[in-house]
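Student: Got a predicted structure plus its sequence, pasted below:
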Amino acid sequence: MTSMTTTTNTVLQASGVTMRFGGLTAVRNVDLTVNSGEIVGLIGPNGAGKTTFFNCLTGLYVPTEGKVTYKDTVLPPKPHLVTQAGVARTFQNIRLFPNMTVLENVLVGRHTRTKEGLWSALLRLPGFNKAENASRERAMELLEFTGLAAKADHLSRNLPYGEQRKLEIARALASEPGLLLLDEPTAGMNPQETRAAEELIFAIRDQGIAVLVIEHDMRFIMNLCDRVSVLVQGEKLVEGTPDIVQADERVIAAYLGTPFEGAPGEEEIAEVEAAESAQSTTSTEGDTP
Ligand SMILES: Nc1ncnc2c1ncn2[C@@H]1O[C@H](COP(=O)(O)OP(=O)(O)OP(=O)(O)O)[C@@H](O)[C@H]1O
């Protein structure tokens, strides 16, 4: 591992980020740091400003106030330049090219890292072939890494939902980021897919890529993250380790008074329901399917 000194292990630093839309302040004076080797969670009720904050980090929005640096360099307010600088992201709503193959989707993600560029890749202009082999090799490596290699030639629109989300991650990784931002990576996933996503994110972290993730699934986020930051009405309410955040009264209150630590998860609820229905079918004779 590379040895790092003083503050150089800060990957992302957002300072005093504010985003106003007319009279509405969607994000107010938010500071957030992500260090190398970390997985940081960003949680908060609907409309808290999480996606808006992501958009400020990735150049989709120019914050009204504040500064965002990546490895001590101020990020330019243009999405492709942010990607080029080393920050990749996925979106809350899947944004793949549905009629391109899985492999082609990843190759498009590599365009910021090849001098031939996107149009050369899409139109196969001269010069593309030279770079193509190396790019394909790397894209196939990423498909292996995300468990999609067997589907490299499938059209992305034919993949099941969970695999489309994985492909989005593979495509983001194709730009060789140092920081990956994930906006609700498990939305719509079943429990097995969620568990696989968790393992994939740990593996990404283990490759030296820092991760900042927005999620509503508390069990997932508390298991995954080294630190969690809570946004409420555009402001940072609390930040700390999962233990600290889960125990914080203000966080519990912000989630409508529903404590999430120790609350039964879907699996436990299913087990209880199965046990209850088994009990009721044995007590109501002859009513088995
Ligand atoms: N482009 C925009 N123009 C005006 N208002 C916006 C815009 N984008 C977001 N907002 C408003 O900013 C606030 C924060 O929205 P945002 O989508 O960032 O919240 P969120 O925490 O990501 O919510 P969710 O968990 O539901 O995705 C909301 O009130 C939203 O309506």
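Tutor: Received the coordinates, thanks. Numbering: from 1, shown residues only.
Student: Per the annotation, how does the chain divide into domains?
Tutor: With domains defined by automatic domain parsing, the chain comprises 10-86+177-283, 95-175.
Student: Now mean neighbour count and distance to the ligand too, for those, in CSV please.
Tutor: In this view, the C-beta of every residue, glycine as well, is placed from N, C-alpha and C. Listed next are the domains of the chain as CSV, based on neighbours: other Cβ atoms under 10 Å; distance: least, Cβ to the nearest ligand atom, whole Å:
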stretch, mean neighbour count, distance to the ligand
domain 10-86+177-283, 17, 3
domain 95-175, 18, 15
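Student: how about TSV for these, with mean pLDDT added?
Tutor: Shown next, in TSV, are the domains of the chain (pLDDT from 0 to 100):
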stretch	mean pLDDT
domain 10-86+177-283	87
domain 95-175	85
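Student: Spit out the contact partners of F54.
Tutor: Applying Cβ atoms under 8 Å, 6 or more residues apart in numbering, we find F54 in contact with L42, R89, L181, D183, L212, I214.
Student: I'd like to know how far L179 sits from L224.
Tutor: 16 Å (Cβ to Cβ, to the nearest Å).
Student: go on, G240?
Tutor: Applying Cβ to Cβ to G240 and L224 gives a distance of 15 Å.
Student: Then R20?
Tutor: On the measure of Cβ to Cβ, R20 and L224 end up 31 Å apart.
Student: before we move on, what about K236?
Tutor: Counting by Cβ to Cβ, the gap from K236 to L224 is 19 Å.
Student: N93 too?
Tutor: 21 Å.
Student: now F97
Tutor: Taken as Cβ to Cβ, the span from F97 to L224 is 28 Å.
Student: do the same with A85
Tutor: 25 Å.
Student: ditto for A253
Tutor: The value you get for A253 to L224, if Cβ to Cβ is used, is 24 Å.
Student: Then P63?
Tutor: Distance from P63 to L224, by Cβ to Cβ: 27 Å.
Student: do N158 as well
Tutor: Distance from N158 to L224, by Cβ to Cβ: 29 Å.
Student: do the same with R205
Tutor: Computed as Cβ to Cβ, the R205 to L224 distance reads 9 Å.
Student: what is in contact with these two at once?
Tutor: In contact with both R205 and L224: I39, using Cβ under 8 Å, 6+ apart.
Student: Quick one: distance of stretch 247-254 to the chain centre.
Tutor: Taking Cα atoms, centre = their mean, to the nearest Å, the mean C-alpha location of stretch 247-254 is offset from the chain mean by 24 Å.
Student: and what of stretch 164-172?
Tutor: Worked out by Cα atoms, centre = their mean, stretch 164-172 lies 10 Å from the chain centre.
Student: what sits up against that stretch?
Tutor: Residues contacting stretch 164-172 (Cβ under 8 Å, 6+ apart): 88-91, 94-96, 102, 105-106, 108-109, 139, 142-143, 145-148, 156, 159, 180, 182, 185-186, 188-189, 193, 196-197, 200, 204.
Student: in which helix or strand would I find A197?
Tutor: helix 191-206 (DSSP states H and E).
Student: what's the answer for V17, then?
Tutor: Under DSSP H and E, the secondary-structure element containing V17 is strand 10-21.
Student: So what angle separates the directions of the helix or strand where K166 lies and helix 191-206?
Tutor: Per DSSP H and E: K166 is located in helix 161-173. Using axes from the mean of the first three to the mean of the last three Cα atoms, to 10 degrees, one finds that helix 161-173 and helix 191-206 are set 10 degrees apart in direction.
Student: Next secondary structure after helix 161-173?
Tutor: Assignment by DSSP H and E places the next element after helix 161-173 at strand 179-183.
Student: now the angle between helix 161-173 and that following strand, please.
Tutor: Using the same axes, to 10 degrees: strand 179-183 against helix 161-173 is 150 degrees.
Student: Output strand 179-183 as PDB, nothing but the C-alphas.
Tutor: The C-alpha coordinates for strand 179-183 follow below in PDB (Å, rounded to 0.1, in the frame of the first residue of the first chain):
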ATOM      1  CA  LEU A 179     -14.100   7.900  -5.900                       C
ATOM      2  CA  LEU A 180     -17.400   6.200  -6.800                       C
ATOM      3  CA  LEU A 181     -20.700   7.900  -5.900                       C
ATOM      4  CA  LEU A 182     -23.700   5.500  -5.800                       C
ATOM      5  CA  ASP A 183     -27.200   6.900  -5.800                       C
END
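Student: Now do the contacts for M19.
Tutor: So M19 contacts T25, A26, V27, G49, T52, F53, N55, C56, Y61, P63, T64, G234 (Cβ under 8 Å, 6+ apart).
Student: Many thanks, have a good one.
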